[in-house]
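Participant: predicted structure and sequence below. I'll ask about it afterward.
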Amino acid sequence: MLVENRSAHGSAPPPADACRGSVIVLKTPESGPARFPLTKDLLIYAEGIGQEALACAGTLVSTPDLADVAIVRLQPSVTIPLPASQTGSPRPTHRLPTTEVERLCSIASEVPLIVDVTLNQSVIFPELASAASAVTVNFGATDAQWVRAAHQHLGAPHLLAVS
């Protein structure tokens, strides 16, 4: 899966104010605890998201094996650039470090995994997108905005803007 931060009318990123609170659902399961909208009675293992934002979303647990669902928000600042010959894109594309992908895929093998990626650059993550139960991307949504969107979403992949 390759996701890019660019507008439909060229290569410039979308206007920051217009997209900042947007959460785009790329993948959601037909059923289960990782299906949107999330229920508020879940046991949640979380990484990259503030406990304050999740306080109203369910009960936080310390390890994935205790959870109904794992939620991981990634802000890929440490990525590996890929040559254009490998991606077919004239712009730089980045891949998450292999060790991070393997670690997250391991979590996905224990519990349904929801991955949210902040698009501050083009990033490719096919293995992680395949292993995750649900995938969302955002353009700078806060933790509270993401949690609000995750509890309002009706299911089918689409754009959900939350301010």
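Facilitator: Thanks, I have it.
Participant: tell me, how many residues neighbour V101?
Facilitator: Counted with other Cβ atoms under 10 Å, residues neighbouring V101 total 16. Placement of C-beta: from N, CA and C, glycine included.
Participant: ok, it - contacts?
Facilitator: By Cβ atoms under 8 Å, 6 or more residues apart in numbering, the residues touching V101 are F125, E127, L128.
Participant: relative to D65, which of the residues you listed is nearest.
Facilitator: D65 lies nearest to L128 out of the contacts of V101, by Cβ to Cβ, at 19.7 Å.
Participant: which SS class is the closest residue to L74 other than its chain neighbours?
Facilitator: Among residues not flanking L74 along the chain, V117 sits closest, at 4.9 Å (Cβ to Cβ, 6 or more residues apart in numbering). Secondary structure, DSSP: H, G, I helix; E, B strand; the rest coil: V117 is strand.
Participant: what is the burial count for V117?
Facilitator: 23.
Participant: show me the strands in the chain, by range?
Facilitator: Per DSSP state E, the chain carries strands over the ranges 2-3, 22-27, 42-47, 58-60, 69-74, 80-82, 93-95, 113-118, 123-124, 134-138, 159-161.
Participant: and those strands as CSV, adding mean pLDDT and distance to I107?
Facilitator: As requested, the strands of the chain are exported to CSV (pLDDT from 0 to 100; distance: least, Cβ to Cβ, whole Å):
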stretch, mean pLDDT, distance to I107
strand 2-3, 40, 20
strand 22-27, 88, 16
strand 42-47, 96, 8
strand 58-60, 93, 15
strand 69-74, 95, 5
strand 80-82, 59, 21
strand 93-95, 73, 19
strand 113-118, 94, 6
strand 123-124, 77, 19
strand 134-138, 92, 13
strand 159-161, 51, 24
